[in-house]
Structure formats: C-alpha cells, structure tokens
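**Student:** missing the sequence, but the structure's below:
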C-alpha cells in the first residue's frame with residue numbers, strides 16, 4: 001500500500017477572459033493554476049506560500065472540487081476525486097480542510113477553540129451533539145499535543 005495521502009498531478013485551472021458587456025466573447029484565458037504536481041504523505045503537512053493572487057486558494061479549491069479544475073488528476077487515499085460523485089465527494093471532504101491565509105477572516109474570534117474544532121465534526125455528522133462534540137474535541141486536542149483545557153480558550 002502506498003503511503004501517499006494526496007497526489008496532485010498536472011493540475012490546471014484556467015478562467016475565461018471575456019470582452020464586451022452585452023455580447024460577451026472569449027478573448028483568452030487566465031492561467032490561475034498551471035501544471036501543479038505534488039505528493040503529500042501520511043503525517044506530513046503542506047503549506048502553500050506565495051504572493052497575493054498567485055493561485056494558492058484556487059489550487060486548494062480545485063483539490064477539494066469546490067471549483068472544477070480545467071485538467072489534471074487529484075487522488076486522495078487512492079481515490080480519484082475528479083471522477084467522484086457529489087455524494088462521495090461530500091463524504092471524503094470530512095477528511096480534508098483548507099485553512100486560508102487570513103486567520104482573522106477564517107476563525108471567528110468570538111468562538112472558543114473547542115467550538116472552532118467541533119464545528120466540522122458537527123457539520124459532517126461525525127458526532128451526535130454538543131456533548132459528544134466536547135469529548136471528541138478533547139481527544140483531538142490531546143492527539144496534537146494540547147491539553148483538553150485549551151478548548152475553553
């Protein structure tokens with residue numbers, strides 16, 4: 001069995017460039033993501049760094065198929081994400097997360113660490129309610145080396 005968790009091969013995303021307000025016509029295409037390939041193995045973390053507008057968020061959205069890539073291949077846990085049905089993709093997204101570059105835009109400062117960590121588990125139905133979510137949050141915090149008490153911060 002391969003130890004790769006995520007394989008991205010020759011991923012591309014082009015957006016049409018149009019001209020005209022009423023009679024829109026394509027005059028070209030913008031290369032938002034152009035031939036990106038990498039392998040992420042179990043236990044590894046990947047950070048995408050680059051200047052504003054270079055395609056980091058577009059790449060992440062293509063990998064999760066929040067937008068459709070123009071071409072390429074994305075394999076998660078041995079399964080080709082670009083050929084998955086919507087329902088299967090929804091199940092697989094439980095195991096993926098995009099953390100955007102602006103933590104103030106991504107994380108609500110009024111929520112505790114516990115609420116922020118519990119939110120995806122509640123959304124995907126991985127826990128039955130707030131009580132189960134609290135226990136799961138404690139387990140997840142311990143798993144990454146933090147005390148469960150951090151959930152109240």
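**Tutor:** Alright, I've got the coordinates. Treat the numbers as computed from the prediction; the structure is a model and nothing was measured.

**Student:** Residue ranges in the protein under the pLDDT threshold?
**Tutor:** 1-2, 101-106 (pLDDT under 70).

**Student:** Quick one: residues contacting the most centrally placed residue in the chain.
**Tutor:** Nearest to the mean C-alpha position of the chain, by C-alpha atoms, centre = their mean, lies residue 98 at 3.3 Å. With contacts defined as C-beta atoms under 8 Å, 6 or more residues apart in numbering, residue 98 is in contact with 57, 60-61, 64. Where you see a C-beta, it was placed from the backbone N, CA and C, and this is true even at glycine.

**Student:** Isn't residue 38 up against residue 47?
**Tutor:** No - counting by C-beta atoms under 8 Å, residue 47 is not a contact partner of residue 38; they are 11.8 Å apart.

**Student:** With neighbour numbers in mind, choose between the two.
**Tutor:** residue 38 (12 against 7; other C-beta atoms under 10 Å).

**Student:** Is the more buried one within a helix or a strand, and which one?
**Tutor:** Taking DSSP states H and E as the criterion, residue 38 maps to strand 25-41.

**Student:** Would you mark the buried spots in that strand?
**Tutor:** Going by neighbour count (16 or more other C-beta atoms under 10 Å), the buried part of strand 25-41 is 32-33, 36.

**Student:** What segments of this protein are helices?
**Tutor:** 56-63, 86-92, 103-106, 113-123, 130-143 (DSSP state H).

**Student:** Point out the most buried one among those.
**Tutor:** For the helices of the chain, the largest average neighbour count (mean count of other C-beta atoms under 10 Å) is found in helix 56-63, namely a mean of 20.

**Student:** so that helix versus strand 25-41, what angle?
**Tutor:** Here the directions of helix 56-63 and strand 25-41 differ by 80 degrees (axes from the mean of the first three to the mean of the last three C-alpha atoms, to 10 degrees).
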